[in-house]
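Student: generate a structure from the sequence data that follows.
(chains A and B)
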Amino acid sequence: MEREAFLSRVGRASMTAELPSSPAVPAELPDYPPADLVALFRNRAQAVNAVVHGPVSRHGAPVTIAGIVTGHGARTFVSWDSLPASGVPGALTAQGLRRLEFGLTHEDRDLSAFTSLDVGVTGSTAGLAESGSLVLEHGPGRPRLASLLPEIHVALIDVDTISTTLAHWASKNPETAAKTTNLVIITGPSRTGDIEQQLNLGVHGPRHVHIVLVR
Amino acid sequence: MGTPKAMAVEHGMRTLHQKREKAVDEFPLMEHLRDRSRAIRLHALSNLDRLLDHFADRVGAAGGKVHWADDAAEANRIVLDILQRTDSKLVVKSKSMVSEEIEVNHHLESEGIEVVETDLGEFIVQLAEDSPSHIIAPVLHMTRQDVGEVFAEKLGVPYTDDPFELNRIAREHLRPIFLKADAGISGVNLAVAESGSVILVTNEGNGRMVTTAPRVHIALMGMERIVSRWQDAAVVLETLARSATGQKLSVYTNVVTGPRKEEDPDGPEEVHVVIIDNGRSDILSGDTAEILACIRCGACLNVCPVYRTAGGHAYGTVYSGPVGSIVTPGLHGMDPWWELPYASTLCGACEEVCPVRIQIPSMLLKLRQRAAAEGRLPGWLQRGMSRYARTVTVPTKWARAKKWAHRLSALISVRGWIRRMPGPGRGWTSSRDFPQPAKESFQEWWRSNRGT
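Tutor: Numbers count the residues shown, from 1 in each chain, chains lettered A, B, ... in the order given. Model (predicted):
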């Protein structure tokens, strides 16, 4: 159907629509000020089965992350190019892990590389304390699959970027959706309750989510 | 109730409902955000043509393409065209109600395209050649043993009824399919007019796989799923997961704005959004327009005493429960769906839990009135109800009727109970007895015992 015809029919329908009047709401969201944002973030992220580390210093982050991945017996990893702490990929290769590159063109994709991927290391734009969520903006040097394909996702987050709720964060950052091709808000590891409402982690995405707080 | 299937449904409902209650109680802003969500959704419906127009411009500016589908057949044709043009033979799909509504799988499979459902529940439904029974929990009606048998039979794996093991089998089976797939088809939870974004929420991550791994992403969108701005979408998302599963947010809130850019390391090369009317403008033009504000959380299903007893399949349509009883006659006509609005006790629990406070019971009543006005009720009921109305509105007639009810029922009562009623009452007494109307009315009793 043509756009014009479609939209003019919708316009005609709206004219006779019997809709109730809207509730009056203030323009601004009410305040939601928790006493301690970092403590709330930690508490809520753990409640959805993420593991929270730190806060650690920028210097300490590579060691912390190397400890996490060797604890899982991981062998391969991918990493975003820029992270809130430098030296992370180097610390992992020094532990004997192999770094896979994400040149993910659709013509020549190596399926075996993807199925044997153990760890994805990413940064994050913001944290949402109330839900224990991470905001990831994907783009150049920041592949989407790093937080999706591996069994283990390690995310670094600068504690100063932790905000209160998604609604509050979005109202302060109204341009985010428009300026990023792909934005993902991650709240804990992949999960399902489809079979008899029993919690099951790591369905299609990572089974383990480690959040490293960096100060 | 009592069969394993019925117990599975009852258990599922109760769990989802309790989780919702807890999540709503814990969040001090919930009531405020419900009002806000309602205002946002109603505003979107009042400005739908303008928002969709703007949305299409923005999707185009981001490098994607919007298609307009009048009905299911056209939507399916558009999807098929895209897939054939891009030489796509294997398609992965994430859960979407609108795709069930237009039966896109059936259509594509008849054209030789393989479609794989990737949401664990939908994957099981597809293997079992069954249909989903709940908006957000498609296999609520199946036990773990049912699932184990389906996997053993269709995937050739040893039987297990351990949910963890079943989960692992599905993950390993689907992983290579995601990476090999030519195209991904998803639904749309919300679209943002101002940015041209489509938002998909999933817990498993399959929604992200479907929109990231294949070359082509096709998003199927009911035309009402739109809000003005990103910050409006964020408010609605806060209420969606809490109402659906009791989570604060779903695990993955995936915001897709056009295809990958040249320098992006991954993502689809083409993004298509198919905006579907399929009867929605008919709903919008009338007195049940408000139902289009629904954000498909499923909370009204979980509290509905009728849904909890009958299960989703009993409604005979894609959209079940209280919301479905309004949406279905709206989308597909009163014939044959006029009976659905009667599948309600009008208890109001649905409106109580609705994150956007949709006035479901009053719309069910409007549809009942419409059905009666169109003469759809069986003759005995139509005549019976008008006679009943004429009687109860005149006190003297009512008093006489009560006397006769006692006298006549005495003929078929045994010790104050009627075992078998004649005529339309037969249905009632097929499974339980009916008390005989009392000799003395409450009013008479009051006059002789407490009267002055």
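Student: can we go C-alpha only for contacts and neighbour counts from here?
Tutor: OK.
Student: any idea how chain B splits into domains?
Tutor: With domains defined by automatic domain parsing, chain B comprises B:1-30+B:291-377, B:31-281, B:392-449.
Student: what sits against B:Arg168?
Tutor: With contact set as Cα atoms under 8 Å, 6 or more residues apart in numbering or on different chains, B:Arg168 has these partners: A:Val203.
Student: before we move on, back to that, mind putting the domains of chain B in TSV, mean pLDDT included?
Tutor: Shown next, in TSV, are these (pLDDT from 0 to 100):
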stretch	mean pLDDT
domain B:1-30+B:291-377	87
domain B:31-281	94
domain B:392-449	87
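Student: distance from the chain centre to stretch B:405-425, please.
Tutor: Stretch B:405-425 has its C-alpha centroid displaced from the chain centroid by 41 Å (Cα atoms, centre = their mean, to the nearest Å).
Student: re the thing from before, looking at the domains of chain B, which one is packed in the most?
Tutor: Mean neighbour count, computed with mean count of other Cα atoms under 10 Å in any protein chain shown, is highest for domain B:31-281 among the domains of chain B, reaching a mean of 22.
Student: ends of that domain, what's the gap?
Tutor: This stretch, domain B:31-281, spans 30 Å end to end (Cα to Cα, to the nearest Å).
Student: in the chain, which helix is the longest?
Tutor: Just going to use chain A. helix A:3-16 (DSSP state H).
Student: my question was about chain B
Tutor: Longest helix in chain B by number of residues, with DSSP H as the criterion: helix B:4-26.
Student: so after that helix, what's the next helix or strand?
Tutor: helix B:30-46 (DSSP states H and E).
Student: just checking, what packs against that following helix?
Tutor: strand B:226-227, helix B:230-244 (3 or more Cα pairs under 8 Å, 6 or more residues apart in numbering or on different chains; DSSP states H and E).
Student: tell me which residues are up against stretch A:27-40.
Tutor: With Cα under 8 Å, 6+ apart as the contact definition, stretch A:27-40 has outside contacts at A:Ala129, A:Glu130, A:Gly132, A:Val159, A:Ile162, A:Ser163, A:Thr164, A:His168, B:Leu29.
Student: from the contact counts, what lies against the helix or strand containing B:Trp428?
Tutor: Assessed by DSSP H and E, B:Trp428 sits inside helix B:426-429. Here helix B:426-429 touches no other helix or strand, going by 3+ Cα pairs under 8 Å, 6+ apart.
Student: what sits up against the following helix or strand past it?
Tutor: Later in the chain than helix B:426-429, the nearest helix or strand by DSSP H and E is strand B:434-435. Outside of strand B:434-435, the residues within contact range by Cα under 8 Å, 6+ apart are B:Gly416, B:Trp417, B:Ile418, B:Arg419, B:Trp428.
Student: swap the cut-off to 7 Å and go again
Tutor: Around strand B:434-435, the neighbours that count as contacts under Cα atoms under 7 Å, 6 or more residues apart in numbering or on different chains are B:Gly416, B:Trp417, B:Ile418, B:Arg419.
Student: how about those in TSV, adding secondary structure and distance to chain A?
Tutor: Output for these, formatted as TSV (DSSP: H, G, I helix; E, B strand; the rest coil; distance: Cα to the nearest Cα, whole Å):
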residue	secondary structure	distance to chain A
B:Gly416	coil	45
B:Trp417	strand	42
B:Ile418	strand	41
B:Arg419	coil	40
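Student: hmm, which helix or strand of chain A has the shakiest average pLDDT?
Tutor: In chain A, no helix or strand scores lower on mean pLDDT, DSSP states H and E than helix A:111-115, which sits at a mean of 65.
Student: next helix or strand past that one?
Tutor: strand A:119-122.
Student: show the average pLDDT along that next one.
Tutor: Taken as a whole, strand A:119-122 carries a mean pLDDT of 96.
Student: any chance of the contacts of stretch A:27-40 in TSV, plus distance to A:Leu7?
Tutor: Formatted as TSV, the contacts of stretch A:27-40 follow (distance: Cα to Cα, whole Å):
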residue	distance to A:Leu7
A:Ala129	41
A:Glu130	39
A:Gly132	40
A:Val159	46
A:Ile162	41
A:Ser163	39
A:Thr164	38
A:His168	33
B:Leu29	36
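Student: who wins for neighbours among those residues?
Tutor: Most neighbours among the contacts of stretch A:27-40, by other Cα atoms under 10 Å in any protein chain shown: A:Gly132, with 27 neighbours.
Student: hmm, back to that, between the helices and strands packed on helix B:30-46, which one is nearest to chain A?
Tutor: Shortest distance between chain A and these, using Cα to the nearest Cα, is found for helix B:230-244: 4.9 Å.
Student: do a quick rundown of the strands in chain A.
Tutor: Per DSSP state E, chain A carries strands over the ranges A:51-56, A:76-79, A:98-99, A:119-122, A:126-128, A:133-138, A:152-158, A:162-163, A:182-186, A:191-192, A:200-201, A:208-214.
Student: okay, these in JSON lines with distance to chain B next?
Tutor: Formatted as JSON lines, the strands of chain A follow (distance: least, Cα to the nearest Cα, whole Å):
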{"stretch": "strand A:51-56", "distance to chain B": "15"}
{"stretch": "strand A:76-79", "distance to chain B": "12"}
{"stretch": "strand A:98-99", "distance to chain B": "16"}
{"stretch": "strand A:119-122", "distance to chain B": "14"}
{"stretch": "strand A:126-128", "distance to chain B": "10"}
{"stretch": "strand A:133-138", "distance to chain B": "8"}
{"stretch": "strand A:152-158", "distance to chain B": "13"}
{"stretch": "strand A:162-163", "distance to chain B": "14"}
{"stretch": "strand A:182-186", "distance to chain B": "5"}
{"stretch": "strand A:191-192", "distance to chain B": "5"}
{"stretch": "strand A:200-201", "distance to chain B": "6"}
{"stretch": "strand A:208-214", "distance to chain B": "11"}
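Student: tabulate these (CSV), appending distance to B:Lys154.
Tutor: CSV is the format used below for these (distance: least, Cα to Cα, whole Å):
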stretch, distance to B:Lys154
strand A:51-56, 37
strand A:76-79, 33
strand A:98-99, 37
strand A:119-122, 32
strand A:126-128, 42
strand A:133-138, 37
strand A:152-158, 30
strand A:162-163, 46
strand A:182-186, 33
strand A:191-192, 21
strand A:200-201, 22
strand A:208-214, 29
